[in-house]
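>>> fold the following, please.
(2 chains)
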There are 2 protein chains.
Amino acid sequence: MGYNNFAEGSKSPVRLTDGQQRRPRGAKAPFLFGIRRTRTKGAIIPLFTDLAQARQQVLGQRGREPLELPPSVRATIRQVFGADLTPEEVAARILADVRQRGDEAVREYTQRIDGVELDQLAVREAEIEAAWDAIPPELRRALELAVERVHAFHQRQPKLSWMDWQEDGGALGQMVRPLERVGIYAPGGTAGTLPYPSSLVMAVVPARVAGVKEILVASPPRRDGTVAPVILVAARIAGADRVFKIGGAQAIAALAYGTESVPRVDKVLGPGNVFVIAAKRLAFGEVGIDQLPGPTETLLIADEGANPAWAAADLLAQAEHDSLASAIFLTPSLELAQAVQKEIEHQIPSLSRREVIAQSLARQGGIIVVQDLDQAVELANEYAPEHLCLLTRDPWTLVGRIKNTGGIFVGEHAPEALGDYVVGPSHIMPTKGTARFSSPLNVWDFVKMTSIFAPSASESQRLAEAGMALAEAEGFTAHAEAIRRRVTGDE
Amino acid sequence: MGYNNFAEGSKSPVRLTDGQQRRPRGAKAPFLFGIRRTRTKGAIIPLFTDLAQARQQVLGQRGREPLELPPSVRATIRQVFGADLTPEEVAARILADVRQRGDEAVREYTQRIDGVELDQLAVREAEIEAAWDAIPPELRRALELAVERVHAFHQRQPKLSWMDWQEDGGALGQMVRPLERVGIYAPGGTAGTLPYPSSLVMAVVPARVAGVKEILVASPPRRDGTVAPVILVAARIAGADRVFKIGGAQAIAALAYGTESVPRVDKVLGPGNVFVIAAKRLAFGEVGIDQLPGPTETLLIADEGANPAWAAADLLAQAEHDSLASAIFLTPSLELAQAVQKEIEHQIPSLSRREVIAQSLARQGGIIVVQDLDQAVELANEYAPEHLCLLTRDPWTLVGRIKNTGGIFVGEHAPEALGDYVVGPSHIMPTKGTARFSSPLNVWDFVKMTSIFAPSASESQRLAEAGMALAEAEGFTAHAEAIRRRVTGDE
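Next up is the predicted model:
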């Protein structure tokens, strides 16, 4: 589940209505024109039988061009900063300002961007207790089950320190230990006013399992100065220590540098809008940063035996995240492809977010008929999707062949939507093809390692000659001398 | 071993003589004045008995202010880009240009910045064979021992995939697998024309152990268009697949985006000058990036029994890296402190890099008398040094209390200089206090993880209710529907 929308809460003046988003300007041909050539007239999702075309119009669509900010966001930026800034420039100014002026700057941006004047940045215990009663008991139980499952999953992850004790008294090893304090950003969402407690669970629980001593959460305040009760309850059940009512780049700044109210953390994690991501990018290196998530992606591979209604439901679920979400379906069966396309048209009218879904499917979605499953696997590895679903007769034989993806959903009874909430692995996964080199959020994100160098005196003697040769070759005579003195016992 | 000098090879027109570097402008008082108040007149390294002063003048010296570029570097920038750009602006231009024009841009920058016209960017096999004979046999044997040691150490690191197979047929787990292709940057050095083969070994070998399929190395060409033989030999022994004659930001760009000659990699690792670091920072998120290393740091903790000559030799070795290196000594014994200070004065004259050492010790170095070892540990954890050396009577009892450091050197027979070359753990470690949240380069830097979601049908049924409740709470009705269809078998 990645987020890259411009604003998270619909009540924020910096906001984006889904329909305002535009395609990157780098596209070679007008997009709708391109699509119309291959799709059934009026189809909700395009169907490609030409792979080259599918590559160009769907698989190759995760462009590099920066998204254009909608007019309302640009207006807010002009109003707050007196100039037409890019998200990177906005984030840079907010970071510098919060670093210098602390809470004062945080309050100011919260007032000017979110339209809220806060007395206190930290959520009070009484607010959390009130939230407990404000949400339906079945939702609380669902959160408890989610936390339990995510906890059980991450508990199994190996995170062992090791030491190699040598008979001569020397020892080498790696000490793996939890970070001291981390900050989790919990965004609202483009889904109207609804926040995403699930993302909070998916970051806080692995941190808890890793043994992080202090887990802070930042989430944007609503107009009335409160944080949504479901976020507060989720934070409590997941095991967060404190929640701060701060959103956007100012939240990242407060966590990264610390203010009077917010202690500085060692690492900042979690999804957010373009300003959050820009702030995370700028703070990288000074504070730990997990990933820079983009829009969410799901790629399904199915063979002729797959249930078209289930496949269609999975594509629709993926597309409802936001209009930038990608839902892609690969199959060697033209018959199945057509059946899924038809099912989508059949199912979409009853869905509450049908407009977002239609935009997402028309822009980034695609049903692609491939030669065979081998080709599907090859395309999936090239695309490196956040989620990969295998709706095939013998899915396990494909698992080892998938190189690049955040998570593999094996078989028709593992819908991605379930994985978003309660299966166990974190749903915060690498997007934009970054599964080539990065991993779903996991326990390792919350530990650090220290190397232990403890060669025995005799081992050091044995290694000394080579060490001195290398030091001399690099021109470091003081290094060679520091080694030599140990060998000779020279004082 | 971190690098943050402006240029790596003395033959590059973008270069920096050590003496040209200036203190960050943010310092509260003229630096030398501050030091003179506490140090013995004419001492090479200042000695502090006042902790507040030591904090301000030494421990708190890793500032945020950007370093000022020396006039010669600024002149080259004006000449190449026609404007007075910051390192970040230089890196941004080079990245964009190489991304668009590929090899052509790489050749152009190599010509204009390094003063070399290259026929071919990749090092030829014949060049590697010639290098083999060009270096002394004992240096080659030292490299072989280093590779063997680093390999043996990293071979022991656990990197296990795991699966939890359930009795009902479901399964969850994490598949841990190597990255496909990585790029290692191997800088030259400020040490005259001498390159650093050890850094190459410390990055390439853990990649090889992790199982990375293709390891590319980029290293700046010398004036004659060759790469130093010792780099080529080290690359071959360590197990790199190919070496490219490219330096600076253009090397990072070529590796991150790919060109006609250089295939795009999944992750870029290794130290470099300010332009390399700026390019890595900008490319973060699009390609994997390991760290953004700054100047190297060593902090020693010693009690009254420590050998002052050895401690002094360790401080001198640390200081010879470059004039920005930090060498800090903490001890509760005033007597030892004075003895070490004296030893430094005694040893420095015979060292070839005494000028760099003197600059480094005067600017960032310090001997600090603390109350007791507890206070020393506390200060070390606050400072989070790259290297931490324990020269105490019972060093193992302190190991577990050290929270933030890249590597712990346990006891007097584990000199840091030996760890730079042949002990086994990688010498590429977190600098600038980033040991709070990051780790020495290790096998985990070269793997990625994929979550496996394979709940059985009955497990999915049991989880469905909670999944739907959470999806509805987030406003995602299509998610709820995708789950519901599995439960009801609804088509």
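>>> helix, strand or coil for A:Ala105?
helix (DSSP: H, G, I helix; E, B strand; the rest coil).
>>> surely it and A:Ile246 touch.
No - if you go by C-beta atoms under 8 Å, A:Ala105 and A:Ile246 don't touch, sitting 10.9 Å apart. Every residue, glycine included, has its C-beta placed from N, CA and C.
>>> name the residue in the two with the higher neighbour count.
A:Ile246 (33 against 21; other C-beta atoms under 10 Å in any protein chain shown).
>>> what's the helix or strand for that one?
If you go by DSSP states H and E, A:Ile246 is not part of any helix or strand.
>>> what are the boundaries of the helices in the stretch 1-150 of chain A?
For the stretch 1-150 of chain A, applying DSSP state H, counting those that start in this stretch gives helices covering A:31-38, A:51-54, A:71-81, A:87-101, A:103-114, A:125-134, A:137-155.
>>> residues contacting the residue in the stretch 151-300 of chain A that chain B sits nearest to?
Per C-beta to the nearest C-beta, the residue of the stretch 151-300 of chain A with the smallest distance to chain B is A:Gly288, at 3.3 Å. Going by C-beta atoms under 8 Å, 6 or more residues apart in numbering or on different chains, A:Gly288 touches A:Leu179, A:Val182, A:Asp266, A:Lys267, A:Val268, B:Thr434, B:Arg436, B:Phe437, B:Ser438.
>>> so which residues on the stretch 201-350 of chain A come close to chain B?
A:230, A:266-267, A:281, A:284-288, A:291-292, A:307, A:309-310, A:313-314, A:316-317, A:319-321, A:347, A:350 (C-beta under 8 Å from any C-beta of the partner chain).
>>> filter those to the buried ones?
When those are checked for burial by 16 or more other C-beta atoms under 10 Å in any protein chain shown, the buried set is A:230, A:266-267, A:281, A:284-288, A:291-292, A:307, A:309-310, A:313-314, A:316-317, A:319-321, A:347.
>>> hmm, A:Gln338 and A:Ala312 touching each other?
No - contact criterion C-beta under 8 Å: A:Ala312 and A:Gln338 do not qualify, at 11.5 Å.
>>> who's more crowded, those two?
Applying other C-beta under 10 Å to A:Ala312 and A:Gln338 shows that A:Ala312 carries more neighbours, namely 27 against 15.
>>> so A:Ser451, which of the three states?
At A:Ser451 the chain is in strand, as set by three-state DSSP.
>>> what residues are up against it?
Contact analysis of A:Ser451 by C-beta under 8 Å, 6+ apart lists A:Leu172, A:Gly173, A:Gln174, A:Met175, B:Gly406, B:Gly407, B:Ile408, B:Pro425, B:Ser426, B:Met429, B:Pro440, B:Asn442.
>>> got the contact list for the helix or strand where the fourth one lies?
When elements are defined using DSSP H and E, A:Met175 is found to belong to strand A:171-178. Contacts to strand A:171-178, defined as C-beta under 8 Å, 6+ apart, come from residues A:159-166, A:210-213, A:446-455, B:153, B:157, B:399-400, B:403, B:408, B:410, B:423-425, B:442.
>>> give me the buried subset of those.
A:159, A:210, A:212, A:446-455, B:153, B:157, B:399, B:403, B:408, B:410, B:423-425, B:442.
>>> sitting in strands, which of those residues do you find?
Members of the buried ones among the contacts of strand A:171-178 lying in strands (criterion: DSSP state E): A:Val447, A:Lys448, A:Met449, A:Thr450, A:Ser451, A:Ile452, A:Phe453, A:Ala454, B:Ile408, B:Val410.
>>> columns pLDDT and distance to B:Leu330 on top of the residues you listed, output as a markdown table?
Formatted as a markdown table, those follow (pLDDT from 0 to 100; distance: C-beta to C-beta, whole Å):
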| residue | pLDDT | distance to B:Leu330 |
| --- | --- | --- |
| A:Val447 | 95 | 27 |
| A:Lys448 | 95 | 22 |
| A:Met449 | 94 | 23 |
| A:Thr450 | 95 | 18 |
| A:Ser451 | 95 | 20 |
| A:Ile452 | 94 | 20 |
| A:Phe453 | 95 | 18 |
| A:Ala454 | 94 | 20 |
| B:Ile408 | 96 | 14 |
| B:Val410 | 95 | 16 |
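>>> please tabulate those residues in a markdown table, including the columns distance to B:Glu474.
Below are these laid out as a markdown table (distance: C-beta to C-beta, whole Å):
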| residue | distance to B:Glu474 |
| --- | --- |
| A:Val447 | 30 |
| A:Lys448 | 33 |
| A:Met449 | 36 |
| A:Thr450 | 40 |
| A:Ser451 | 43 |
| A:Ile452 | 45 |
| A:Phe453 | 49 |
| A:Ala454 | 51 |
| B:Ile408 | 45 |
| B:Val410 | 50 |
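>>> what's the separation between the closest residue to A:Asp84 other than its chain neighbours and A:Pro71?
In space, and not counting its chain neighbours, A:Asp84 is closest to A:Arg78: 6.0 Å by C-beta to C-beta, 6 or more residues apart in numbering or on different chains. Separation of A:Arg78 from A:Pro71 (C-beta to C-beta, to the nearest Å): 10 Å.
>>> what residues sit buried inside stretch A:104-120?
Buried residues in stretch A:104-120, counting neighbours by 16+ other C-beta under 10 Å, are found at A:Ala105, A:Val106, A:Arg107, A:Glu108, A:Tyr109, A:Thr110, A:Ile113, A:Asp114, A:Val116, A:Leu118.
>>> check stretch A:129-142 too.
A:Ala131, A:Ile135, A:Leu139, A:Arg140, A:Ala142.
>>> near chain B, from the residues you listed?
By C-beta under 8 Å from any C-beta, the members of those lying near chain B are A:Ile135, A:Leu139, A:Ala142.
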